[in-house]
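Chemist: dropping the sequence and predicted coords here.
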Amino acid sequence: MDDIQRFIRGGASKATATHLESYTRNRGHAIIAGLGFGMDGVVVELDCRSAVKAFDREAGYRTELQVYQRLNEHHVQQIRGHSVPQLLDHNDELRVIEMSIVQRPYILDFAKATVDAPPDFPEEIMTEARQRWAERLGDRWPDVVAIMYEMQRKYRVYLLDPSPTNITF
């Protein structure tokens, strides 16, 4: 097993890894690098200079796709100077999203967002979450708040997982 296979198998369920490999093969491309993995799935770079994210769970896939489609409808390429990946393709059956690769600063990973309505959490939960986010983002928290507000106001997208890996400077 090569390094890329180990990366994929280490960051995704067996089914998700199989979906990713199937999507890539069907598109006639090869995976050339692992870009990241987390609770939602795994992201790889293809030889055509695009990124593919394969999701372990349907809900995360649906939410992230919905956000990319909303941003695509509005032709959003940047938000407050931060690049936003462009939706290139997706496959509902395989739960994969293909997107452009962006350079810093960027905003990505929308699997834990909501669209059209703010999250339905009690205010005390949201207050605690904002405190955690502020601690995690430090001096950049006011900039992140401005990004989140713009996404809410202009596109009705509500981020629920702002982090230094999802919003970079």
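Modeler: Sure, I can see it. Residues are numbered from 1 along each chain as shown.
Chemist: any chance you could map the strands in this structure?
Modeler: Remark: strands assigned in the chain by DSSP state E are 31-37, 41-46, 50-55, 78-79, 82-83, 87-91, 96-100, 114-115, 157-158.
Chemist: most tightly surrounded among those strands?
Modeler: strand 50-55 (a mean of 25; mean count of other CB atoms under 10 Å). Glycine gets a C-beta too; all of them are placed from N, C-alpha and C.
Chemist: mind listing residues that contact the lowest-mean-pLDDT helix or strand in the chain?
Modeler: Ranked by mean pLDDT, DSSP states H and E, the weakest helix or strand in the chain is helix 3-11, scoring a mean of 79. Applying CB atoms under 8 Å, 6 or more residues apart in numbering, the external contacts of helix 3-11 come out as 1, 17, 20-21, 31-34, 36-38, 41-42, 44.
Chemist: got it, and stretch 139-149?
Modeler: For stretch 139-149, using CB under 8 Å, 6+ apart, the contacting residues are 79-80, 82, 107, 133-134, 137, 158-159, 162, 164, 167, 169.
Chemist: hmm, which of those residues are the buried ones?
Modeler: 79, 82, 107, 133, 137, 158, 159, 162, 167 (16 or more other CB atoms under 10 Å).
Chemist: which ones are touching the last one?
Modeler: Counting by CB under 8 Å, 6+ apart, residue 167 touches 82, 105, 106, 107, 137, 140, 144, 147.
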